[in-house]
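**Student:** Okay, predicted coordinates and the sequence, questions at the end:
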Amino acid sequence: QKEVEQDPGPLSVPEGAIVSLNCTYSNSAFQYFMWYRQYSRKGPELLMYTYSSGNKEDGRFTAQVDKSSKYISLFIRDSQPSDSATYLCAMNRGRNTGFQKLVFGTGTRLLVSP
Amino acid sequence: ETGVTQSPTHLIKTRGQQVTLRCSSQSGHNTVSWYQQALGQGPQFIFQYYREEENGRGNFPPRFSGLQFPNYSSELNVNALELDDSALYLCASSRDNEETQYFGPGTRLLVL
């Protein structure tokens, strides 16, 4: 079993839709949770960063972490064609455990049609 | 503020050869991590360098090695290349008091 599970998609939605992207994980030691956006043939770009459980909002993006369920989500409101990309969830135990090792999901490919 | 840069952007090698990939960290960042991303997969952690020392390693064989220089730039070396080494190699930098990592554009390696 992988430490982090993520549906690879593709997820196809019309422009303006609310998008929900999710990951589940098995290691309860994870404390820091991130979402990256990766366009084709580019490096991942950090979108959201959350520590422990709770919600965080930034513009059209909202990240949620439920540590009791080992489940994290990214919501995108008013989705745009420019949001079409692969979205990667990532998490780590924290630098105070020795070193930073981000563990990634496989990524979900999102397609937003005009 | 200059972001993470990597060179070269693309590289083609044959099986058994050796390759060196380079990374310049973002300004103010002293930690560099390397990841391998196979097609259709998430990045996999190779190792991390802090203060010119390797301070963490993923499940990769010893033929994957690295260096970090006093200016915090870094190299990834891969010896005895195998076909399965074909992937996007990503460098990420961070500050030692922060958990977030910022990625470069990657080097796409093809082993024939």
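**Tutor:** Now that the structure is in, tell me what you want to look at. Numbering: from 1, shown residues only, chains lettered A, B, ... in the order given.
**Student:** burial count for B:Ala38?
**Tutor:** By other C-beta atoms under 10 Å in any protein chain shown, 13 other residues sit near B:Ala38. From N, CA and C alone the C-beta is placed, and that goes for glycine too.
**Student:** Ignore what I typed, I meant B:Pro62.
**Tutor:** By the criterion of other C-beta under 10 Å, B:Pro62 has 7 neighbours.
**Student:** What does the pLDDT read for B:Gln36?
**Tutor:** B:Gln36 carries a pLDDT score of 98 in this model.
**Student:** Kindly report the same for B:Glu1.
**Tutor:** So B:Glu1 comes in at 59 (pLDDT).
**Student:** Equivalent analysis for B:Ser74, please.
**Tutor:** pLDDT, B:Ser74: 97.
**Student:** how deep is the closest residue to it other than its chain neighbours tucked in, by neighbour count?
**Tutor:** Nearest non-adjacent residue to B:Ser74, counting by C-beta to C-beta, 6 or more residues apart in numbering or on different chains: B:Val32, 4.2 Å away. By other C-beta under 10 Å, 29 other residues sit near B:Val32.
**Student:** Check the one 10 residues further on too.
**Tutor:** Applying other C-beta under 10 Å, we find 24 residues neighbouring B:Gly42.
**Student:** Point out where chain B drops to low pLDDT.
**Tutor:** Confidence mapping of chain B against pLDDT under 70 gives the ranges B:1.
**Student:** before we move on, back to that, look up how far chain A lies from the residue nearest to B:Ser74.
**Tutor:** 11 Å (C-beta to the nearest C-beta, to the nearest Å).
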